[in-house]
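Engineer: Dropping the sequence and predicted coords here.
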Amino acid sequence: MDVPFIIDNVYDLQGVKCPCGFSRRGLERPENDVATLHVVDISEDAREHYHKNMREIYFVLEGEGEILLNGESYPVKPGSTVLINAGTRHKARGRLKVINVVVPPFDPMDEFFD
């Protein structure tokens, strides 16, 4: 990383449609090779996908639902924290708002669907 710090307010950033719903992606800069932080509103039409290189940490802020990991369903609610390693097929279900930490930083070329 070439700069000593990056500051974002994800609520001031443009949101984008994503496989999980709607995401505001913070810390996305070419000089950042560490991680990105997203606030994601999970939608009912979330799509199962996986990543070959990225790992994700979900922290549920609001709502209750479930997360599917390699076909198995696990309940989640506020405070639930999930580490999703590369290669794990995943999809969240329910109306949820999550913080998603992506390591290394988010790369749209590393999203795969069956």
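Structural biologist: Structure received. Given the structure is predicted, the values throughout are model-derived calculations rather than measurements. Numbers count the residues shown, from 1 in each chain.
Engineer: now the residue nearest the centre of the chain: how far from residue 106?
Structural biologist: With distances taken as CA atoms, centre = their mean, the residue of the chain nearest its centroid is residue 100 (3.7 Å). To residue 106, residue 100 is 9 Å away according to CB to CB, to the nearest Å. Any C-beta I mention is one placed from the backbone N, CA and C, and that applies to glycine too.
Engineer: low-scoring pLDDT stretches of this structure, where are they?
Structural biologist: Low-confidence segments of the chain (pLDDT under 70): 1-2.
Engineer: got any residues that touch both of residue 100 and residue 106?
Structural biologist: Residues within reach of residue 100 and of residue 106 at once, by CB atoms under 8 Å, 6 or more residues apart in numbering, are residue 38.
Engineer: measure the residue nearest to the centre of the chain to residue 3 for me?
Structural biologist: Note on residue 100: its distance to residue 3, by CB to CB, is 23 Å.
Engineer: just residue 68 next, same as before
Structural biologist: Distance from residue 68 to residue 3, by CB to CB: 37 Å.
Engineer: between those two, who's got more neighbours?
Structural biologist: Neighbours were counted for residue 68 and for residue 3 using other CB atoms under 10 Å; residue 68 has more, 16 against 8.
Engineer: who touches the more buried one in this structure?
Structural biologist: 48, 74, 89, 90, 91, 92, 93.
Engineer: which residues in the chain form strands?
Structural biologist: Applying DSSP state E to the chain gives strands spanning 16-18, 21-26, 36-42, 55-62, 65-69, 72-76, 81-84, 90-93, 96-103.
Engineer: Of the ones you listed, which is nearest residue 9?
Structural biologist: Proximity to residue 9 (CB to CB) singles out strand 21-26 among those, at 7.8 Å.
Engineer: Next, the angle strand 96-103 makes with the closest one.
Structural biologist: 50 degrees (axes from the mean of the first three to the mean of the last three CA atoms, to 10 degrees).
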